[in-house]
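Asks: coords please:
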Amino acid sequence: MTVTAEAVWQDIEQIRNQAPLVHNITNYVVMNTTANALLAIGASPVMAHAVEEVAEMTGIASSLVVNIGTLSNPWVQAMAAAMKAAAEKQIPVILDPVGVGATAYRTQTADTLMAVTAPAVIRGNASEIIALMVSDAQTKGVDATAAAESAVTAGQALQSRVGSTVCISGETDYIIGSDKVLTIANGHPLMPRVTGLGCTASALCGAFAAINPSPVQATAHAMATMGIAGEMAAQTADGPATLQAAFLDSLYRLQKEDVVRRLQAGTLS
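Replies: Numbers count the residues shown, from 1 in each chain. All right, here's what the predicted structure looks like:
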C-alpha cells in the first residue's frame, strides 16, 4: 500500500461530490475552525453534543469525530452514546485523545471510549499516543513533548491492542496499519502556532473516512491534504492569524496539480 497523488485527489473529488455529513463532538476551542475546514474541503459538518440527540444525529451521519479537548461528564456520556450508535450503524469513528496523559480523567475517558467500540482511527500527537500505551507517560497540556518518530513503537502496540489505524502527527506524520507504516512529510513549521489545526486534522480524517472504506488510506490522504494546504497557506501568510485564513482558502482552492507537485509520502523502512 502506497500513497499516490491520484488516489488523494480521487478522495478529495469524492468528498466534494458527495458532501458527506461528518458529526463532530469536539471542543469549544476548535468548533469554528474545524467546521470551516470541513466546509472548505467540501464536507458537511454538524456539531451536536447534547446526550439527548447525539445517537440520532450519528444515525444520519457518514462518520463520527470524537475529540476530548474540553471534557465534562455529560459530554463523555454523549461521546459514548454517539460511538455506540456509530458502531450499530457501522460508520467510522475517529478519536482524538487531546491531552491524554495530562490528567487521570483524560486518560480514563480515552480508555472508557475505546472500550465502547474500537475507533477506525486514533489520531494524536506523539505524547498522546505514548500516553495511551504507557500509564505513567506525561504530556504538557495538549502540546506534544515527544517527537513523532519516538511514538511509532507505542503506536504499533496501540494498533495491535485496539485494532484501530493510529496516526501520529508531527513534522512527519506516521499512519500505522496492521501491516505497514505510511509516512506523510507535508506541512509547515508555522502550523503548530495556530490552535486547533491538530483537531482539524482529525476532522478531515472524518471526511476522508466517510468516503474511503480503508481507514489507513483515508487517514493518509487526509494528512497529506492537511499538510499540502498548510504549505500553500504559508506562502502568503504573515503569521499565525493569516495562516489560519489562508489555510481554509487553500483547502477550498486545492487542485490536482497542487497534490501532484507537493505530495511527500512514503513508507517506514
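Asks: so which residue of this structure lies furthest out from the middle?
Replies: No residue in the chain sits farther from the centre than D238, which is 26.0 Å out by Cα atoms, centre = their mean.
Asks: the longest helix in the chain is where?
Replies: Determined from DSSP state H, the single longest helix within the chain is helix 215-234.
Asks: check which element follows that one along the chain.
Replies: Later in the chain than helix 215-234, the nearest helix or strand by DSSP states H and E is helix 240-253.
Asks: now for the longest helix of the chain, which elements pack on it?
Replies: Contact analysis of helix 215-234 by 3 or more Cβ pairs under 8 Å, 6 or more residues apart in numbering; DSSP states H and E lists helix 5-18, strand 121-125, strand 165-169, strand 173-176, strand 181-184, helix 197-211, helix 240-253, helix 256-262 as its packing neighbours. All C-beta spots, glycine's among them, are computed from the backbone N, C-alpha and C.
Asks: ok, which of these comes nearest H49?
Replies: Closest to H49 of these, according to Cβ to Cβ: helix 197-211, at 14.2 Å.
Asks: and the helices and strands packed on helix 215-234: which comes nearest N24?
Replies: Closest approach to N24 among these (Cβ to Cβ): helix 197-211, 6.1 Å.
Asks: next one: that closest one to chain centre, how far?
Replies: With Cα atoms, centre = their mean, to the nearest Å as the basis, the distance from the averaged C-alpha position of helix 197-211 to the chain average is 4 Å.
Asks: give the other helices and strands that that helix contacts.
Replies: helix 5-18, strand 21-25, helix 31-41, strand 63-67, strand 93-96, strand 121-125, strand 165-169, helix 215-234.
Asks: count of neighbours near Q244?
Replies: 22 (other Cβ atoms under 10 Å).
Asks: tell me what angle the longest helix of the chain forms with helix 31-41.
Replies: 100 degrees (axes from the mean of the first three to the mean of the last three Cα atoms, to 10 degrees).
Asks: and helix 215-234, how far out from the chain middle?
Replies: Distance, centroid of helix 215-234 to centroid of chain: 10 Å (Cα atoms, centre = their mean).
Asks: report the rounded mean pLDDT for that helix.
Replies: Regarding helix 215-234, the rounded mean pLDDT is 98.
Asks: need the per-residue pLDDT for G141.
Replies: Reported pLDDT for G141: 45.
Asks: what's the answer for L268, then?
Replies: For L268, the predicted pLDDT is 87.
Asks: that one contacts Y174, correct?
Replies: Yes. Counting by Cβ atoms under 8 Å, Y174 is a contact partner of L268 at 6.7 Å.
Asks: which one's more surrounded, the two?
Replies: Counted by other Cβ under 10 Å, L268 and Y174 do not tie: Y174 has more neighbours, with 24 against 14.
Asks: for that one, give the beta-bridge partners.
Replies: I168, T183 (DSSP bridges).
Asks: ok, R123 - contacts?
Replies: 94-96, 166-167, 169, 201-202, 205, 219 (Cβ atoms under 8 Å, 6 or more residues apart in numbering).
Asks: with adjacent residues omitted, what lies nearest to the residue nearest the centre of the chain?
Replies: Ranked by distance to the mean C-alpha position of the chain (Cα atoms, centre = their mean), the top residue is S202 at 1.6 Å. Excluding its sequence neighbours, the residue lying closest to S202 (Cβ to Cβ, 6 or more residues apart in numbering) is D96, at 4.0 Å.
Asks: alright, calling it a day.
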